[in-house]
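Novice: need a 3D model of the following:
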Amino acid sequence: MNREIQILLLLDLMITIGAAAAWLAKPGWRRRILAFWLIMLAFPGGGIVVALLLMPRSEPEIEDNANEEDSIWLGLNQLPQMLDVNKETNIAPLQDMLLVADYDKRREVLLDIMKTDVLAYINYINTALQNEDLETVHYAATGLQHVRQKLDARLQEFSKRWQEDPTDTKVAADYADLLAQYLSSMPLDVITRQQYIHISIGILEQLVRQTDLTRISRLIDQLLSIGNYQQVKHYCRILQTDYPDSETKYLVLLKSYFLMKDKENFEQSFNRFRESDVRFSDETLNTIRLWLGAFR
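Specialist: The predicted structure is shown next:
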């Protein structure tokens, strides 16, 4: 009988130490302290030695930073594993995941996106705002508001710096790029959008003489959006004469003349394109063929 009791006690001791050792191997200092005391209670005297031998030596401790997170992120750090967005897009388009996947998967994908660079996936966040799952919409709105607050603060800072010295082209360029990011990522009412577009146009007009193709293209697009065709033609002439030939240059010119229904200038630009050494992509050529067909 005594031998049976000894065997049972030994088995109990082994099971207790085994379970505690498994806890010791997991991250989190609370679990490790609990496991440490469990081993010492189950094995008085030698328990502390066993616990120290089982304690991981090289594994970095993962801090519990839940209290340090901003409450607006709704406990995003509680998810055990961050989504590899690139891997996820190889399996299914993120937009489809947010529209057709089950509700739990939609929320998981959205929350993991929000733990990365939200601005890089802002279009998907805006898509999630149209979701029929109210919790997914809530997460998307919260993440979007967080981004808006950051961008609003930066806009105020650059607005102040630009007004203090409008001749500082570096500040003006950064301000213009920030405005472009804001206009392309934030859902705005018509009046607010028009206000930001007019501010952006004023800054971009200041930067045109830098012959930056990206910014003059953006300027022309914004002038088209408010219907200021006279200024569009003015900057198209500058683009034609002052900028080197490129696919982007001719695509902007042809698009602008097509939207303004200016057939004469469209054909002139098209002829210059054919006479140039610029090689267009198949996608651009197909677009130009559609424009030509519409004019004809």
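
Novice: only C-alpha atoms from now on, for both contacts and neighbour counts.
Specialist: Will do.

Novice: now do the helices in the stretch 101-250 of the chain.
Specialist: 103-114, 122-128, 134-164, 169-185, 190-207, 213-225, 229-242, 247-259 (DSSP state H, counting those that start in this stretch).

Novice: can I get those helices in a markdown table including mean neighbour count, mean pLDDT and distance to Phe280?
Specialist: What follows is these, written out as a markdown table (neighbours: other C-alpha atoms under 10 Å; pLDDT from 0 to 100; distance: least, C-alpha to C-alpha, whole Å):
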| stretch | mean neighbour count | mean pLDDT | distance to Phe280 |
| --- | --- | --- | --- |
| helix 103-114 | 20 | 71 | 35 |
| helix 122-128 | 20 | 71 | 28 |
| helix 134-164 | 16 | 85 | 36 |
| helix 169-185 | 18 | 91 | 26 |
| helix 190-207 | 16 | 93 | 27 |
| helix 213-225 | 19 | 95 | 17 |
| helix 229-242 | 16 | 95 | 17 |
| helix 247-259 | 19 | 95 | 6 |
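
Novice: figure out which of these is closest to Phe270.
Specialist: Judged by C-alpha to C-alpha, the one of the helices of the stretch 101-250 of the chain that comes nearest to Phe270 is helix 247-259, at 7.1 Å.

Novice: with only the CA atoms kept, save that closest one in CSV.
Specialist: Output for helix 247-259, consisting of C-alpha atoms alone and laid out as CSV, is shown next (Å, rounded to 0.1, in the frame of the first residue of the first chain):
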residue,chain,number,x,y,z
GLU,A,247,4.5,58.3,-71.3
THR,A,248,3.1,60.1,-68.2
LYS,A,249,3.4,63.5,-69.9
TYR,A,250,1.5,62.4,-73.1
LEU,A,251,-1.1,60.5,-71.1
VAL,A,252,-1.9,63.6,-68.9
LEU,A,253,-2.1,65.8,-72.1
LEU,A,254,-4.4,63.3,-73.9
LYS,A,255,-6.6,62.7,-70.9
SER,A,256,-7.0,66.4,-70.3
TYR,A,257,-7.9,67.3,-73.9
PHE,A,258,-10.3,64.3,-74.0
LEU,A,259,-12.1,65.4,-70.8
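
Novice: enumerate every residue touching His154.
Specialist: Slight slip there: residue 154 is Arg, not His. Residues counted as contacts of Arg154 (C-alpha atoms under 8 Å, 6 or more residues apart in numbering): none.

Novice: adding distance to Leu292, write the helices of the stretch 101-250 of the chain out as CSV.
Specialist: Compiled in CSV, the helices of the stretch 101-250 of the chain are given as follows (distance: least, C-alpha to C-alpha, whole Å):
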stretch, distance to Leu292
helix 103-114, 41
helix 122-128, 31
helix 134-164, 40
helix 169-185, 29
helix 190-207, 29
helix 213-225, 20
helix 229-242, 19
helix 247-259, 9
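
Novice: between those, which gets nearest to Arg289?
Specialist: Across the helices of the stretch 101-250 of the chain, Arg289 has its closest neighbour in helix 247-259 (11.1 Å, C-alpha to C-alpha).

Novice: what angle do that closest one and helix 229-242 make?
Specialist: Relative orientation of helix 247-259 versus helix 229-242 (axes from the mean of the first three to the mean of the last three C-alpha atoms, to 10 degrees): 150 degrees.

Novice: and the angle for helix 247-259 with helix 213-225?
Specialist: Using the same axes, to 10 degrees, the direction of helix 247-259 lies 10 degrees away from that of helix 213-225.

Novice: which of the three states applies to Asp277?
Specialist: For Asp277, the assignment made with DSSP: H, G, I helix; E, B strand; the rest coil gives coil.
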